[in-house]
Structures are given as structure tokens and as C-alpha cells.
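Chemist: whatever this is, show me its structure:
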Amino acid sequence: MIETYFVPEKLIAQIVEHLQACHPEEACGLLAGKDQTFQVWIPIANVLRSTTRYRMDPEQQLQALLLFEQNGQDLLGIVHSHPNGLDSPSQTDLREAYYPEAVYFIFYRDGETWNYRAYRIQQDSYYPVAIQVTKSTLSGENIL
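Modeler: Alright, predicted model coming up:
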């Protein structure tokens with residue numbers, strides 16, 4: 001059975017806004033929440049400023065993780081974009097997936113439209129995760 005996670009549509013809109021602002025470079029960020037429900041999106045700077053790779057700014061990443069902990073939330077998702085790439089994890093993504101408990105969102109472009117797929121990455125393999133978009137409100141929005 002496929003795992004299912006829930007994400008408010010407003011959160012998806014915030015992510016897409018960040019992707020557009022960073023395009024054509026890869027964009028990245030973190031998602032937190034509880035019980036398979038994403039509640040908070042925090043964009044993190046891509047220190048590589050690359051169109052084909054990302055590395056999160058370590059200070060921003062640490063601040064986000066500490067904030068999640070302070071708010072009683074779990075790191076549930078890692079987001080990054082493939083502006084000109086595939087809708088699935090690259091070999092680099094597989095090698096550098098350091099949080100097996102997180103869902104990896106990959107946003108990719110189809111023409112001018114951003115789409116996404118979500119995966120669980122474990123060691124050198126991955127499998128899809130179902131994402132259900134909800135209309136519910138967020139408990140904390142883009143708080144860094």
C-alpha cells in the first residue's frame with residue numbers, strides 16, 4: 001500500500017512561488033508537520049546556485065530544524081526542483097538523500113507549469129508516495 005501524505009494547497013502555492021523566484025537555478029527547502037500532514041514550508045537558499053544541483057545553506061537548514069523542534073513538529077519533507085530535469089530522483093539525489101524518514105518532493109517543469117512527484121528514498125532506491133492536496137489552513141506559514 002502506498003503511503004499518503006496531506007499538503008494544503010496554499011503550501012504548494014508558496015513552494016511554486018519560491019521555485020519561480022529561483023528559476024533557472026534549482027530551489028530547495030524543508031517541510032514540517034505532524035502525522036503525515038505538512039504544515040510549514042521554509043525555503044532554504046541553494047548555496048551552489050546551480051541549474052542542476054542543490055545544497056542547502058547549512059545555517060538556514062539548522063535554524064529551520066531547530067524551529068521545527070521548538071514547535072513540536074517533525075521534518076516530514078525535503079523539496080527541490082529539477083528546472084530542466086526529470087520528475088524522479090537523479091543519481092545525485094539518491095546518493096545525497098541523508099534523511100530516509102523524509103518525503104522527497106521533486107518539482108519539475110512541463111512547459112511553464114510546475115508539477116511535482118513525491119518519493120521515499122532509501123539507500124539507492126526510491127518509491128512513490130501519494131500526496132493529497134487539501135484546502136485546510138496552515139498552522140504556521142513560512143515562519144523563518
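Chemist: which helix or strand contains residue 118?
Modeler: When secondary structure is defined by DSSP states H and E, residue 118 falls within strand 113-122.
Chemist: go ahead and report the secondary structure state at residue 69.
Modeler: Assigned by DSSP: H, G, I helix; E, B strand; the rest coil, the conformation of residue 69 is helix.
Chemist: ok so, going back, which element follows the strand holding residue 118 toward the C-terminus?
Modeler: Remark: after strand 113-122, the chain's next helix or strand is strand 125-128, criterion DSSP H and E.
Chemist: so after that next one, what's the next helix or strand?
Modeler: Tracing the chain C-terminally past strand 125-128 and defining elements by DSSP H and E, one meets strand 130-134 next.
Chemist: buried set for stretch 111-121?
Modeler: Residues 114, 116, 117, 118, 119, 120, 121 are the ones in stretch 111-121 that count as buried (16 or more other Cβ atoms under 10 Å). C-beta: built from backbone N, CA, C; applies to glycine.
Chemist: ugh, typo on my part, it should be stretch 53-65
Modeler: For stretch 53-65, the buried set under the neighbour-count rule, 16+ other Cβ under 10 Å, comprises 54, 55, 56, 60, 61, 64.
Chemist: the closest residue to the third one other than its chain neighbours bridge partners, please.
Modeler: Put plainly, it is residue 56. Distances taken as Cβ to Cβ, 6 or more residues apart in numbering put residue 44 closest to residue 56, at 4.4 Å, once the chain neighbours are dropped. Applying DSSP bridges to residue 44 gives these bridge partners: residue 28.
Chemist: which residues does residue 44 contact?
Modeler: Taking Cβ atoms under 8 Å, 6 or more residues apart in numbering as the criterion, residue 44 is in contact with 28, 29, 30, 56, 57, 60, 61, 64.
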